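Asks: Next input, structure requested:
(one chain, ligands or ions: 2)
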Amino acid sequence: MSKKSLFLYNTASRSKEKFVLPQDVDEVRMYACGPTVYHYAHIGNLRTYLFEDLLRRSLEYFGFKVRHVINITDVGHMTSDQDDGEDKMEKGAERTGKSVWEVAEFYAEKFKEDLKLLNILPPVIWCKATDNIKEQIELIQRLEEKGYTYKTSDGIYFDTMKFPRYADFAHLDIAGLKSGARIDIGEKKFTTDFALWKFSPKGSKRAMEWDSPWGTGFPGWHVECSAMAMKYLGETIDIHCGGTDHIRIHHTNEIAQSECATGRLFSRFWMHGEFLRESNLEKMSKSSGDFLTLDFLMKKGFDPIAYRLLSFTSHYRNYLNFSWEAMESAQESLNALRRKTEPYIGLEGKVESLDAREWSLKFRECIADDLNSSAAISTLNLMLADSALAKGEKSALIEEFDTVLGFQLLKRKKVEHSVEEIEKIKALIEERNFARSVKNFAESDRLRDVLLKLGAVIKDGKDGTTSWEWK
Ligand code: AMP
Ligand code: ZN
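Replies: Ligands and ions are numbered 1, 2, ... in the order given. You can find the predicted model right below:
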């Protein structure tokens, strides 16, 4: 049986490309833009990290070693993409009554906890913008030496018109931008130019500021990712990822400043996760303060892994519309998967027969096609329904598929229920059947909820409950 290669969609070429490493490289150098830690991550942000986790696990499944880096943006950047507006970290400090450093520490820890709850593998390297100011200053100096920068009264800017390929990555319409309605760009030479270093306002001290050859201030946002990606992974990396909102500005700017500084290709693949949308909201925004967190889902009784499953029901390049109905149905699918896989917990086995190897190949083909996670979940369900497979083989296949999906299906302890528990469920079902027979539907609904809380899912027929099982 031939083994399929992994194909990934590269935003740079707008096409699926076979993923292979250059001959002299033995691990995938992968950089994922991390969170700005002035608030909780919302479930939209988390969808992007779930996609990146799927990518990392898939690369490993295909036999690659992955050097995965995530940064923590703890320098206060502006709430607007135009390098002005309020400082996000200072805003976070005002809101919480803590120092900017405490705010950064607190939300970075919360973010790491969220990743753990979602069974997202930790990166090989975590890095922080504030720990790498020297590297950022050095990168700006390199650009300055090569003539790509200019100074205004509020900072050092990158001259985007000096990089002829600037518009290519995001397919920007530079002519349109030139002739279009002029927004106020202050002292910038062109609308797409961006700050590499911002000066602290004269006469005031900022909560976070550093000395530099150009004066006291702080680095621009884009420069941090280029400097850290190069420091931890080298001047050319294999995969750089983030959400689709980063294509136009953040990643376009990262490419410009990195490639101008080094004269080399910055990243071979660029991969972007599409947004999670919430009903009518165009996009969830942390700076608006109005957003859904993982904690909130959990308070509503959902398992974080059900959110993981929900994210994987749609392809990472498609929008996912969040609704409570979709969340409930993901929780039910997870419960069903747990029920179906429970008999295989602790079973030893190997993928040996032709049938089992075919299932493995099918699953591999789903992932090979630019991480088709929904097809991979269907394959898992179809495999579970295949009664011809030996139990041990099924167990081995569940484990294999779960290294990519990360639903922790066989990592649970088998639940042993006591005789008392079972008797209690049976008594409640009797009680509920009586309530139904006297048409006391409010009581029967209440009892159904009690049963559900105890972990029993019941099936009703015309004359009462016909069967029940553990969730
Ligand atoms: P931020 O903390 O705002 O820098 O965002 C962290 C990550 O979440 C980035 O990769 C963003 O592209 C991504 N992101 C932001 N909003 C959403 C959303 N609604 N859905 C999916 N990803 C998002
Ligand atoms: Zn970044």
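Asks: Is the residue in the stretch 201-350 of the chain that ligand 2 sits nearest to within a helix or a strand, and which one?
Replies: Closest contact between the stretch 201-350 of the chain and ligand 2, by Cβ to the ion, is at residue 225 (3.2 Å). No exception for glycine: its C-beta is placed from N, CA and C like everyone else's. Per DSSP states H and E, residue 225 falls inside helix 221-233.
Asks: ok, that helix near ligand 1 or not?
Replies: No - between helix 221-233 and ligand 1, judged by Cβ under 6 Å from any ligand atom, nothing touches; the nearest distance is 8.8 Å.
Asks: For that helix, what does the pLDDT average out to?
Replies: Mean per-residue pLDDT for helix 221-233: 97.
Asks: and what of stretch 360-368?
Replies: Mean per-residue pLDDT for stretch 360-368: 98.
Asks: Which elements pack onto the helix holding residue 225?
Replies: Where contact means 3 or more Cβ pairs under 8 Å, 6 or more residues apart in numbering; DSSP states H and E, helix 221-233 is packed against strand 28-32, strand 66-72, strand 125-128, helix 133-145, strand 194-199, helix 252-262.
Asks: if we compare these, which one ends up closest to residue 359?
Replies: strand 66-72 (25.1 Å; Cβ to Cβ).
Asks: Nearest to ligand 1, out of the helices and strands packed on helix 221-233?
Replies: For ligand 1, the closest of the helices and strands packed on helix 221-233 is strand 28-32, at 7.3 Å, according to Cβ to the nearest ligand atom.
Asks: pLDDT of the closest one, averaged?
Replies: Strand 28-32 comes out at a mean pLDDT of 98.
Asks: ok, then the element right after it?
Replies: The helix or strand immediately downstream of strand 28-32 is helix 43-61, counting by DSSP H and E.
Asks: Measure how the helix holding residue 225 sits relative to strand 194-199, angle-wise.
Replies: Here the directions of helix 221-233 and strand 194-199 differ by 100 degrees (axes from the mean of the first three to the mean of the last three Cα atoms, to 10 degrees).
Asks: And the residue nearest the centre of the protein?
Replies: residue 49 (1.4 Å; Cα atoms, centre = their mean).
Asks: Now do the contacts for the nearest residue to that one once chain neighbours are set aside.
Replies: Residue nearest to residue 49 in three dimensions, not counting chain neighbours: residue 120, with 5.6 Å by Cβ to Cβ, 6 or more residues apart in numbering. By Cβ atoms under 8 Å, 6 or more residues apart in numbering, residue 120 lies in contact with 49-50, 52-53, 406.
Asks: would you list every one of the strands in the stretch 201-350 of the chain?
Replies: Per DSSP state E, counting those that start in this stretch, the stretch 201-350 of the chain carries strands over the ranges 217-219, 237-243, 267-273, 276-278, 320-322.
Asks: one step back: please identify which of the helices and strands packed on helix 221-233 is closest to residue 111.
Replies: Judging the helices and strands packed on helix 221-233 by Cβ to Cβ, what sits closest to residue 111 is strand 66-72, at 7.7 Å.
Asks: any weak-confidence spans in this structure?
Replies: Scanning the chain for pLDDT under 70 picks out the ranges 1-3, 77-86, 180-182, 279-290, 413-415, 471.
Asks: near ligand 2, which residues of it show up?
Replies: Contact residues, the chain versus ligand 2 (Cβ under 5 Å from the ion): 33, 225.
Asks: now the farthest one out in the chain, which residue is it?
Replies: Outermost residue of the chain (Cα atoms, centre = their mean): residue 438, 50.9 Å.
Asks: how about the residue lying closest to residue 185 once chain neighbours are set aside, what does it touch?
Replies: Spatial nearest neighbour of residue 185, chain neighbours left out: residue 191 (5.2 Å); criterion: Cβ to Cβ, 6+ apart. By Cβ under 8 Å, 6+ apart, residue 191 lies in contact with 177, 183, 185.
Asks: for these, which one is nearest residue 45?
Replies: The closest of those to residue 45 turns out to be residue 183 (Cβ to Cβ; 27.4 Å).
Asks: Against ligand 2, how distant is that closest one?
Replies: Computed as Cβ to the ion, to the nearest Å, the residue 183 to ligand 2 distance reads 24 Å.
Asks: Hmm, residue 468 and residue 425 touching each other?
Replies: Yes - with contacts counted by Cβ atoms under 8 Å, residue 425 reaches residue 468, the gap being 6.7 Å.
Asks: For residue 379, which residues are in contact?
Replies: 359, 362-363, 366, 401.
Asks: please redo it, this time with the cut-off set to 10 Å
Replies: Counting by Cβ atoms under 10 Å, 6 or more residues apart in numbering, residue 379 touches 359-360, 362-367, 372, 397, 401.
Asks: Same check on residue 165?
Replies: Contact analysis of residue 165 by Cβ under 10 Å, 6+ apart lists 252, 255-256, 259-260.
Asks: Can you lay out those residues as CSV showing distance to residue 127 and neighbour count?
Replies: As requested, the contacts of residue 165 are exported to CSV (distance: Cβ to Cβ, whole Å; neighbours: other Cβ atoms under 10 Å):
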residue, distance to residue 127, neighbour count
252, 22, 22
255, 20, 24
256, 22, 26
259, 21, 19
260, 22, 22
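Asks: shared neighbours of residue 425 and residue 468, which are they?
Replies: Both residue 425 and residue 468 are in contact with 451, 456, 458, where contact means Cβ under 10 Å, 6+ apart.
Asks: Once you drop chain neighbours, what's closest to the first one?
Replies: Nearest in space to residue 451, with sequence neighbours left out and distances taken as Cβ to Cβ, 6+ apart, is residue 428 at 5.5 Å.
Asks: Do I have it right that the one you found meets residue 454?
Replies: Yes - counting by Cβ atoms under 10 Å, residue 428 touches residue 454, with 7.7 Å between them.
Asks: Settle it for me: which of these two has more neighbours?
Replies: For residue 428 versus residue 454, the count of surrounding residues by other Cβ atoms under 10 Å is larger for residue 428: 19 against 13.
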